[in-house]
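Q: Sequence first, then the predicted structure, then my questions.
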Protein chains: 2
Amino acid sequence: MHTFGIRFTAIVFMSLAFSSFSRAQLQAQAAQLAIMPLPAQYRLENGQLPIDQAFSVKLSSPRDAYLDLAVARFLRDLSRQTGMTLQNASPGPGSGTAILIIRAEAKSKPMPELGEDESYRLKIAAGGAELSAPNTLGVLRGLQTFLQLVQPMQSGFAVPAVTIEDKPRFPWRGLMIDVARHFMPMEVIKRNLDGLAAVKLNVFHWHLSDNQGFRVESKEFPKLQERGSDGRYYTQQQVREVIAYAQERGIRVVPEFDIPGHSTAWFVGYPELASGPGPYQIERQWGVFDPAMDPTNDDVYKFLDKFIGEMARLFPDRYFHIGGDEVNGKQWDANPKIQEWMRAHGMKTNEQLQTYFTNRVQKIVEKHGKTMVGWDEILNPDSPKSVVIQSWRGQKSLADAARQGYRGLLSTGYYVDLNWPAAQHYAADPLGDGAADLTPEQKQRVLGGEACMWAEYVSPENIDSRIWPRTAAIAERLWSPQNVTDVDSMYARMEKESARLDFLGLTQHTNYGAMLRRIADGGEIDRLKVLADVVEPVKDYDREKLAKTPAVQSTPLNRLIDAARPESDTARRFGHMVDALVAGKADDRTRSEMRSLLAAWQENRAALQPMIAQSFLLAEDAQLSQNLSALGAAGLAAMDYLQSGRPSPESWRTQQLAEIAGAKQPNAQLLLVVAGQVEKLVQATAAR
Amino acid sequence: MHTFGIRFTAIVFMSLAFSSFSRAQLQAQAAQLAIMPLPAQYRLENGQLPIDQAFSVKLSSPRDAYLDLAVARFLRDLSRQTGMTLQNASPGPGSGTAILIIRAEAKSKPMPELGEDESYRLKIAAGGAELSAPNTLGVLRGLQTFLQLVQPMQSGFAVPAVTIEDKPRFPWRGLMIDVARHFMPMEVIKRNLDGLAAVKLNVFHWHLSDNQGFRVESKEFPKLQERGSDGRYYTQQQVREVIAYAQERGIRVVPEFDIPGHSTAWFVGYPELASGPGPYQIERQWGVFDPAMDPTNDDVYKFLDKFIGEMARLFPDRYFHIGGDEVNGKQWDANPKIQEWMRAHGMKTNEQLQTYFTNRVQKIVEKHGKTMVGWDEILNPDSPKSVVIQSWRGQKSLADAARQGYRGLLSTGYYVDLNWPAAQHYAADPLGDGAADLTPEQKQRVLGGEACMWAEYVSPENIDSRIWPRTAAIAERLWSPQNVTDVDSMYARMEKESARLDFLGLTQHTNYGAMLRRIADGGEIDRLKVLADVVEPVKDYDREKLAKTPAVQSTPLNRLIDAARPESDTARRFGHMVDALVAGKADDRTRSEMRSLLAAWQENRAALQPMIAQSFLLAEDAQLSQNLSALGAAGLAAMDYLQSGRPSPESWRTQQLAEIAGAKQPNAQLLLVVAGQVEKLVQATAAR
């Protein structure tokens, strides 16, 4: 086998730019290579490497426990995703019929660090494969690529022959999980770390405290967890377990303790830290609340010094997130002592007071050997240039910070709790919009971004379905070259990746059925699925706005909105079929599939009626089911008109379009997302 | 609340015999009460008890850690199956709006024992519920009944008002899992123990050794696991963990070490135990093999004395299974020393030799404080009356043993690896057939039965789908009165129970999708599911017979046959529709559903063609897909004839029936089980 050098980090990467390939060719290749995120450079070759039970891995590197673990995990994952027992469950001398040779030039750091080299080169030929990287971390990334390439082909599993040279566009690619609003048990965290590793994300941002819960054990201040968590918190031992689990997968763990606002849960045990009189209870509602730490109280800083010191020892990563967002200042305004202190110190605004707080906290964080990260609000003229800004305000805010010399992360556009389609997240670029005119040096300061899973409406049962697979699209945005923007290719690869995540234990597919069966009282769910497959939860913060009574922490998350996917695959597919039909490009198969779908929709009202009459879990969805039936009927009629070649009567269209407009309105906080597509069909029946 | 006494074990139980209810009424009640197994006695009352987040449990019993754990688990399971966070996660003073009062008259034994009282009484009224039992074990059983009663009703979750007096028909109700042929990790065992508890089974029979693997750590003879397991075995610590997990759920753990045959895996490390010369390798094929222990070698008994002593200390249950089945005697025939020994001892047959072995082993088992259990073959005239016979030969064998004074268990009819429909298992009664004329005393000796999960064709991925939900039907046969035999009711309740098992982590639903997605290379599976939903693996041992090359231990279990359910729900439903239509009793909805199904089948060939052409995992299923399309077309045409009122031409029928006969043949070891139903439809188009 040809052995190629691995000093390829010096090679100039031209994203997707092997010059001999056209854009169309490259798109066709991307469809064939179900890699997500798409590599910086790749070239499909002829042939394929069969993967059978004799497949084996040979390590041609200095021994490294980290690498050994990674290879063992790789072989286990390969076995799971193919359903094949492998003869060699650990790296060996490579005597099998198919061989992957792995070369890591050096070991990686003991803990992953920001900016470490993650590049790798993967060359697959019919006779074997070679994965090389400057360090173990790059090997980890390359092994994920290899797993994604394994496909059932005509004579067995195989990987296509391909040459890949890959490295990330941004060094900080994360997922934040809020475990304060709803606690997530260890297995949820672990399986999501597996998910992050699968799509080459490298930061787990752990939002550990908020008004609704304090989720980590403090030995210095045990009332934090004892009074602030309902008993739902991670012990320090568990935290270490998560960090080790992440480290093995090349993922940094950045803890966030959100202060001075978002901190009611701290005050249940330690009311003396607050700016208003206690006692405090754990907050059970959602929103922005008044309680905030008292920036004028020296004891607060003494407390934080001890606490941050303790957490700085527990969490090895260099970066430490102190939140800093959404302080409404009401407790400060209402406290005469604080007001007097502000006057004495010449402060006129609450922003000034927060700046004072932030900068004192920053010194504490620094004292304990860490670099401070915070949301937009922490940025102020006195901030040292070392701090990192995480922006929920947008690219402009991020670009402004970069111009001022600050490093930043984008999270605007990546809030996966808002139920956006993947394409919408995919379109958000950390260097998009306001960042276009940054200098190269300023652009360097944009470190990447983070998907954010805020937890008002997720339980351990459905959280995976909110994170996955859409976070894979965000991962691609943060890893792949900026010009990788083909949405159809993204969706095709994302769907495959989502299926692969099943084998890592992620539950976005599996719990969908279980939740529907609960709604159907254990009965057959095919009819319910017809409806569930074409609804999506309302977007942005509309769930709050449309709620009859505000949801609280204990509100059951067992309704159709909780089971329904943030983005309907069926609707997206149907949309493509409608577009083809309207453009006169639909074949018989497409028309027949459309009619099948429309017929099932049309029947839905009658089909679901008995279940709706019996169960409160479905009663609220009666209107949706009725609307879906109307859409099915309208769609079928529209197809008849289109097929007949005669335009529909205007009166019919008017009536249908009015009904469709009604069907577009949210019901039970759900959107019937095929309404717009049926509307297109109906409009197409007008004379051209 | 009315408090009733709990000395109800003295009450004469009349199964299903509240005299004021007709059979039809009772059937209607059974449908409403999704309890499985159906209780010995129950009476539905008016009203219901709402179950909301304030639901609480009050213990009115002596404190008992075993009971506390059971209640905590009950509340966790209630929370999971409803998707509601409960305010009271542990038993309390009962201040909530809905209350379940639990009274256990006494603690149960520290470890569950054969024949312990498992009875309970559950009275649910609109104002509250009371569960009482003579001991903790009865409470455990009653809590499962309560969970099954929780349903989504019009205004929320609720349990119907009902009075239940329940106790099992048989004291030994088990599931055997063979972990030798394919090893099953701890999580598989644990989730299946949860499944056993859910349907009130009380024995986990752990088939721990066979030709293909020795699966438990022996400290006395470490080469057993070191050489006989490929590293896939349970440590003694893990065994204790399983026993404790089972004990908490009121389940006995009975280990089986199959000797003197089925023991190749022992001989890899200890060839000196065998009757033929070594060396030995772990057996990789399926079948009955020659190697057997040497019954004439005193060292074998010394070894077994030490080994059984060690295992007798590890497994606390009184019963100890030594297998004893399927010795083909070839090694004995071929060994001159054994032949000489037999002559010297006046033995003419291998049966005599095995009897000699069995009886010596029985004394060893007894010496270590255990009662021996074995398969039919162990029974011989010298067997002490204490031994328990597990019958794979049938009720007659069991009845004969009972007449001779032996206790026995039925497993004939309960082999869940044979892919029988649940109704077929359900029809097998331990006291059926040959046992009908046993005296009451002899009938007492029939202790119950065990479902058997032999593991040639199961992996951790699909084993649950072979065990569940059909084992719930076996559980009902063993718990409920003999006259509980309504198959439709059984299926309706079994389907609901299967959905509930999702929330205990069982994977029969969830892994179906994952396995289909693997076959579909991560793509959309709706089309594949149309086919997968109506095929069943071939029955009995036909998979071996139809295999082109014999399967071995490492054969991948990733084909459609491995994903397909042993029994097709879709086919059963379609069968009911066909029967209704042919009887002229089908309504519009039924006809429309039938046409939708038939149309989807008809399209299947075209729909699956691209996937079949691309992937080896589906290529073998091309003929099935083509046959399904033909069945769809035939069915639609038949419906047209039936609707038109005109008989079909005989030539058409002849041709269709010939095609259907072809479609009934197995393809890719799968049966297209709707073929017979379409056949009925076609036949019905003849003139009446």
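A: Okay, I see it.
Q: can you list the domains in chain A?
A: For chain A, automatic domain parsing gives the domain ranges A:8-166, A:176-481, A:510-684.
Q: Compare those domains and report which one is nearest to B:Tyr270.
A: Across the domains of chain A, B:Tyr270 has its closest neighbour in domain A:8-166 (25.2 Å, Cβ to Cβ). In short, each C-beta sits where N, CA and C put it, glycine included.
Q: What's the separation between the residue nearest to A:Glu326 when sequence neighbours are not counted and A:Asp210?
A: Distances taken as Cβ to Cβ, 6 or more residues apart in numbering or on different chains put A:Val288 closest to A:Glu326, at 4.9 Å, once the chain neighbours are dropped. Going from A:Val288 to A:Asp210 by Cβ to Cβ, to the nearest Å gives 11 Å.
Q: Equivalent analysis for A:Leu478, please.
A: 25 Å.
Q: which residues of chain A score low on pLDDT?
A: Along chain A, segments meeting pLDDT under 70 span A:1-32, A:92-98, A:688.
Q: mind listing the strands for the stretch 501-650 of chain A?
A: A:535-537 (DSSP state E, counting those that start in this stretch).
Q: Could you list the residues of it in contact with chain B?
A: A:502-503, A:507, A:509-511, A:513-515, A:517-524, A:553-554, A:556-558, A:562, A:569, A:573, A:589, A:592, A:596, A:599-600, A:603, A:606-607, A:614-619 (Cβ under 8 Å from any Cβ of the partner chain).
Q: For the residue of the stretch 301-450 of chain A at minimum distance from chain B, which residues are in contact?
A: Going by Cβ to the nearest Cβ, chain B is nearest to A:Ala422 of the stretch 301-450 of chain A, at 15.6 Å. A:Ala422 is in contact with A:469-470, A:472-473, A:490-491, A:494, A:567, counting by Cβ atoms under 8 Å, 6 or more residues apart in numbering or on different chains.
Q: Okay, and which of these map to helices?
A: Among the contacts of A:Ala422, DSSP state H puts A:470, A:472-473, A:490-491, A:494 in helices.
Q: ok, so of these, who is nearest chain B?
A: Nearest member of these to chain B, counting by Cβ to the nearest Cβ, is A:Met494, at 9.9 Å.
Q: Distance from the longest helix seen in chain A to the middle of the chain?
A: The longest helix of chain A (DSSP H) is helix A:588-614. Relative to the chain's own centre, helix A:588-614 is displaced by 32 Å; criterion: Cα atoms, centre = their mean, to the nearest Å.
Q: do the same with stretch A:502-515
A: The answer for stretch A:502-515 is 16 Å, by Cα atoms, centre = their mean.
Q: How about residues contacting that stretch?
A: Stretch A:502-515 is contacted from outside by A:77, A:80-81, A:187, A:191-192, A:194-195, A:198, A:461-462, A:464-465, A:467-469, A:498-499, A:501, A:525, A:532, A:558, A:562-563, A:565, B:83, B:499, B:502-503, B:507, B:509-511, B:513-514, B:517-518, using Cβ under 8 Å, 6+ apart.
Q: What's the end-to-end length of that stretch?
A: 17 Å (Cα to Cα, to the nearest Å).
Q: returning to that earlier point: go ahead and build a ChimeraX selection from the buried members of the ones in helices among the contacts of A:Ala422.
A: A single ChimeraX command selects the buried members of the ones in helices among the contacts of A:Ala422 (16 or more other Cβ atoms under 10 Å in any protein chain shown):
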select /A:470,472,473,490,491,494
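Q: Just put the ones in helices among the contacts of A:Ala422 in a markdown table and tack on distance to A:Ala180.
A: Listed next are the ones in helices among the contacts of A:Ala422 as a markdown table, based on distance: Cβ to Cβ, whole Å:
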| residue | distance to A:Ala180 |
| --- | --- |
| A:Arg470 | 22 |
| A:Ala472 | 25 |
| A:Ala473 | 26 |
| A:Met490 | 32 |
| A:Tyr491 | 32 |
| A:Met494 | 29 |
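Q: now the helices for the stretch 251-400 of chain A?
A: With DSSP state H, counting those that start in this stretch as the criterion, the stretch 251-400 of chain A has helices at A:264-269, A:298-314, A:330-334, A:336-344, A:350-367, A:395-403.
Q: for the ones you listed, which one ends up most surrounded?
A: Comparing the helices of the stretch 251-400 of chain A by mean neighbour count (mean count of other Cβ atoms under 10 Å in any protein chain shown), helix A:264-269 ranks first with a mean of 24.
Q: How far off centre is that helix?
A: So, by Cα atoms, centre = their mean, the centroid of helix A:264-269 is 29 Å from its chain's centroid.
Q: Which residues does that helix contact?
A: With Cβ under 8 Å, 6+ apart, helix A:264-269 has contacts from A:180, A:209-214, A:221-224, A:226-229, A:259, A:273-274, A:278-283, A:289, A:291, A:293.
Q: May I see the ChimeraX selection of the buried members of the residues you listed?
A: A single ChimeraX command selects the buried members of the contacts of helix A:264-269 (16+ other Cβ under 10 Å):
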select /A:180,209,210,211,212,213,214,221,224,227,228,229,259,273,274,280,282,283,289,291,293
